[in-house]
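J.: structure for this input, please:
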Amino acid sequence: AERETMLLQEMEPSDLYIFFTKVGKFMQTIAPIIKWLILALISLIAFSMRIFSVIRYESIIHEFDPWFNYRSTQYLTHEGFYNFFNWFDAESWYPLGRVVGGTVYPGIMSTAAIIHWTLKALLIPVDIRNVCVFLAPVFSAFTAISTYFLTKQVTKRSEAGLLGALFVALCPSYISRSVAGSYDNEAVAIFALVNTFYLWIKAADTGSILWAVACSFQYGYMVAAWGGYSFIINIIPIFVLATIYLGKFSKKVYVAYSVFYPLANMIAIQIPFVGFQAVKSSEHLASHGVFFVLQAYMVYLYLQDHLSKQQLKTMGITLIYVAGILCLFGFTTLMVLGITKWGGRSLTLLDPTYAKKYIPIVASVSEHQATTWSQYFFDLQGLMFFAPVGFWLCCKNVNNGKIFMGIYGILSIYFSCVMIRLLLVMAPAVCILAAIGASGVIRKVSKEIRVFFGPERDSSGQTKTKFPCEVSFAGLGVVFIMLVYYVLHSTYVSSEAYANPTVILSSRLPNGGKIIIDDYREAYYWLRMNTPPDTKIMSWWDYGYQLTGLANRTVLVDNNTWNNTHIATVGMAMSSPEPEAYEICKMLDVDYVLVIFGGYAYYSSDDISKFLWMVRIGGGVYPHIREVDYYGDHQYRTDAQASETMKNCLMYKLCYYRFGEVYTAHGQPAGYDTVRNAVIGKKDFKLEYFTEAFTSERWIVRIYKVNKRSNRYPGMKPRLGDYSETLKPTYEKFNAKFQRSNQNYQLTYFKPIQITY
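T.: This next block holds a predicted model:
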């Protein structure tokens, strides 16, 4: 009897268990309030993590592409939508120009302009520049909220949704594209991407036409915002096919896709830059094919009740073969006739070596390089360990949301391996999968701890736990430490790695002090103040948007990179000897040449580092430019072993002019290049056809004026560098290509506008 009494006493709940039970019941009563407070706090964190650049520097637009978006937004706010969509920009791509309204995704400009007009109507004086600067942090808060709803829809658990919102708010991959001043398309596109996925899963789960319509309009905003919309229009059809294959298809999915497909494509066609590409492009063919497959599958389900199994099987096999043959024949016909084709970037995603072989201008962009393991670890940290657990949990108790997240995770990880830029698309998927995994682990170990302190015992008086209590506490501690470290790492990355505007550089002194290097704006301000408004500037395409945005001067090429021949011509000029380069500049009506040089200031992202890409791109159009001619001792060099072709080309001379007189490092002779770690191979040379006009304080930006031709009397012999018979074939070939390029441009962009008028 005493033994039974002692056993009953042991089975009574402990005081600690009773205490936590009461606390748990109280928390359940106020859980909705706490949930929304936590979500609001996460949104505030998402915004705050992205304004370090404004705090440390100033409110300024970052990078290169955002400067065109900012300039376009200024035009839109002053002129309105009608003039914006009919705006011909004569300051870019001289002498061709650019029809802006038909060659841009207007989503981010329209969003900023509408916000500016709304604030103005409410008598809140906010400059359009500040609206553009803070747009990305604001939309990152919206992305966190959308991630919460998406994760909750997938898991049906609020705690997983909150973790997903926190992870995406702090994810370095997303922070890199959404800091204050990063006024690029991705600033609003990632919110549109996540919200479209949430609305789609909601529509597929409920079969509601209303949710499907909302998803279609959100997709339309995504189309207007970013070219990454093609990922959405492909992943949704793949999801539909996956539900059929896994036996999870329902009429709700049929209703959702049958509403989404036609409406989404009709909305996409309204975007001028997309137009009928939404119907003809190869990137959209999967959505068309799945729509017809879905209708055939519904007919098949209907006939199941009216035909025998043998008849149904025979008819099904016949239909599959006929549909496959028709699809293959139709696709081949469209490709042969040129009605549809794969884009260069799409082919690069399918074949990572394609761009390097056939499109060097795409391969030259640093964002299009393959991702390294170190970059994954730097951008994801602890999420790399939780995401596989989340994927495994998605494979258990499968529903529509988990199927979708599994597909999203696999595809986005593959694409991010091909291009480092697509880490941005992968970030929401990894954050959601990591949230599912982390919440699952926490829920499991918490349950074990709760059971250990609870009243449940077996016949021997032992608690019914699968693991020892120490293991559960240790697991919970490891998860907590990983989450804390993720927060600390993300804060460091946001404040140090991604808080520096490209247009403003900085350096650290040995004592920890910071030096601000403002050479870019110094040079652009000089151009604005010291050159006529109609001045034409030749530079590599990387700096085109900044030149038109900050210096307000006309450029030959810019970051749009739509005309490969024009860019190749600039590459030919940079890689040609000075006399030939001078003739090309005169042919293009160039007034000044701008180059970026980092050999004095330890700046590695200069034009000498990019020069081989200029040679490759130029050589792709003009075969007389050969990359091997610029190698010395079988490698790319700028020292005494550099090839004569390299030493005599325009880029080498403009970068290293007078550099042989400068001492840059202790213990090194004059002319020591701090980036290449070598003394330049050619020091004492003069420029005959170009005159140094401006060199910034730390030699990063160098600007040269193209000399005017000297006056000549009739019968005077041509000077070296004048138009000669030896250069005539090159110029004739250039003129022919230029004329063809100009005609294609006219047919592509001017003809639709004439029809509009």
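
J.: what sits against Asp89?
T.: For Asp89, the contact set (C-beta atoms under 8 Å, 6 or more residues apart in numbering) comprises Gly97, Arg98, Val99, Val100. For the C-beta atoms, the positions are set from N, CA and C on the backbone; glycine is no exception.

J.: of these, closest to Phe276?
T.: Using C-beta to C-beta, Val99 comes nearest to Phe276 of these, at 17.1 Å.

J.: hang on, the closest one packs against Phe88?
T.: Yes: between Val99 and Phe88 a contact is recorded at 5.6 Å, counting by C-beta atoms under 8 Å.

J.: give me the more crowded residue out of those two.
T.: Ranked by neighbour count (other C-beta atoms under 10 Å), Val99 and Phe88 place Val99 first, with 19 against 12.

J.: next one: phi and psi at the more buried one?
T.: Note on Val99: its backbone torsions stand at phi -90, psi 100 [degrees, to the nearest 10].

J.: quick one: pLDDT of it?
T.: We have a pLDDT of 90 for Val99.

J.: so which of the contacts of Asp89 belong to strands?
T.: Of the contacts of Asp89, the ones assigned to strands by DSSP state E are Arg98, Val99.

J.: mind picking the two most distant members of the contacts of Asp89?
T.: Pairwise distances among those were taken by C-beta to C-beta; the largest, 9.6 Å, belongs to Gly97 and Val100.

J.: which neighbours do the two have in common?
T.: In terms of C-beta under 8 Å, 6+ apart, Gly97 and Val100 are both contacted by the residues Phe88, Asp89.

J.: which of those two has more neighbours?
T.: Val100 (23 against 16).

J.: which residues touch the closest residue to Pro237 other than its chain neighbours?
T.: Nearest non-adjacent residue to Pro237, counting by C-beta to C-beta, 6 or more residues apart in numbering: Val290, 3.7 Å away. Residues in contact with Val290 (C-beta under 8 Å, 6+ apart) are Pro237, Val240, Leu241, Tyr257.

J.: tell me the buried residues in the host helix or strand of Val290?
T.: If you go by DSSP states H and E, Val290 is part of helix 285-303. For helix 285-303, a neighbour-count test (16 or more other C-beta atoms under 10 Å) marks Leu285, Ala286, Ser287, His288, Gly289, Val290, Phe291, Val293, Leu294, Tyr297 as buried.

J.: stretch 652-665 now?
T.: So for stretch 652-665, counting by 16+ other C-beta under 10 Å, buried means Tyr652, Lys653, Leu654, Cys655, Tyr656, Tyr657, Arg658, Phe659, Gly660, Thr664.

J.: what about the strands in this structure?
T.: Using DSSP E, strands in the chain cover 88-89, 98-99, 505-508, 514-517, 536-538, 554-555, 592-596, 631-632, 635-636, 672-673, 678-679, 690-695, 701-706.

J.: could I get these as JSON lines with distance to Asn265?
T.: Converted to JSON lines, the strands of the chain look like this (distance: least, C-beta to C-beta, whole Å):
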{"stretch": "strand 88-89", "distance to Asn265": "29"}
{"stretch": "strand 98-99", "distance to Asn265": "24"}
{"stretch": "strand 505-508", "distance to Asn265": "45"}
{"stretch": "strand 514-517", "distance to Asn265": "48"}
{"stretch": "strand 536-538", "distance to Asn265": "41"}
{"stretch": "strand 554-555", "distance to Asn265": "36"}
{"stretch": "strand 592-596", "distance to Asn265": "43"}
{"stretch": "strand 631-632", "distance to Asn265": "50"}
{"stretch": "strand 635-636", "distance to Asn265": "48"}
{"stretch": "strand 672-673", "distance to Asn265": "54"}
{"stretch": "strand 678-679", "distance to Asn265": "56"}
{"stretch": "strand 690-695", "distance to Asn265": "51"}
{"stretch": "strand 701-706", "distance to Asn265": "46"}
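
J.: which of those has the lowest mean pLDDT?
T.: Mean pLDDT per stretch puts strand 505-508 lowest among these, at a mean of 82.

J.: give me the helices and strands touching that one, please.
T.: Contacts defined by 3 or more C-beta pairs under 8 Å, 6 or more residues apart in numbering; DSSP states H and E place strand 505-508 against strand 514-517.

J.: tell me, how many residues neighbour the nearest residue to Ala192 once chain neighbours are set aside?
T.: Once flanking residues are discounted, Ala192 sits nearest to Met222: 3.9 Å by C-beta to C-beta, 6+ apart. Using other C-beta under 10 Å, the number of residues around Met222 comes to 28.

J.: same question, the one 4 residues further on
T.: Applying other C-beta under 10 Å, we find 24 other residues in the vicinity of Trp226.

J.: ok, now which ones touch it?
T.: Counting by C-beta under 8 Å, 6+ apart, Trp226 touches Tyr105, Gly107, Asn185, Glu186, Val188, Ala189, Ala192.

J.: list just the nearest of those residues to Val418.
T.: The closest of those, once distances to Val418 are taken by C-beta to C-beta, is Glu186, at 17.3 Å.
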